[in-house]
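Asker: Quick check, what structure comes out for this input:
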Amino acid sequence: MAAIHATDPPRPGALPMHPQDVIQAYYDAFNGGDMDAFLALLTEDVAHDINQGERQVGKAAFADFMAHMNRCYRERLEDLVILPHADGERAAAEFVVHGEYLTTDEGLPEARGQRYVLPAGAFFTLRDGKVARISNYYNLTDWLAQVANA
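Answerer: Numbering: from 1, shown residues only. From the prediction side, this is the model:
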């Protein structure tokens, strides 16, 4: 059996194990709209810290959150920079969200197809080659101003 090195690309059908590969696969699945692949990269007990919101725990809760988000928003993440920590258990990512507000989200302004561009970031904890925690951050005031003025 050949040794697999952290710099080797993931084998087809294999879960990537290097933090950089896990996070890249996570965002590739998000951008591709492949929710099955996206959710497969999460642990069953994943903790999701929602920007300016609560912590939700569990893959089912994350799937429900994503279904809601995909109903209300169409987003693509660009200019992705992944910053894995040397311990292999934590990473950060910085990116720019290019989105469209599709359906009014509860407690937010009315959706009229407004487009927005928003810098954002995320912090990850990884366990056994999967995302065990993700905390997302963006400037809600900036987003509100963009959709109000669009």
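
Asker: Centre-most residue in the chain?
Answerer: Geometric centre of the chain, nearest residue: Tyr27, 6.0 Å, by CA atoms, centre = their mean.

Asker: from what I can see that one touches Asp79, true?
Answerer: No: Tyr27 lies out of contact with Asp79 (CB atoms under 8 Å); the separation is 11.1 Å. All C-beta spots, glycine's among them, are computed from the backbone N, C-alpha and C.

Asker: Now list whatever residues contact both of these two.
Answerer: Taking CB atoms under 8 Å, 6 or more residues apart in numbering as the criterion, Tyr27 and Asp79 both touch Phe95.

Asker: Next, the buried residues of the helix or strand where Ala63 lies.
Answerer: In the assignment (DSSP states H and E), Ala63 maps to helix 59-72. Neighbour-count burial for helix 59-72, counted by 16 or more other CB atoms under 10 Å, picks out 59, 62, 72.

Asker: Counting by contacts, list what the next helix or strand after that helix packs against.
Answerer: Going down the chain from helix 59-72, the next helix or strand is strand 73-84, by DSSP H and E. In terms of contacts (3 or more CB pairs under 8 Å, 6 or more residues apart in numbering; DSSP states H and E), strand 73-84 is packed against helix 19-32, strand 90-101.
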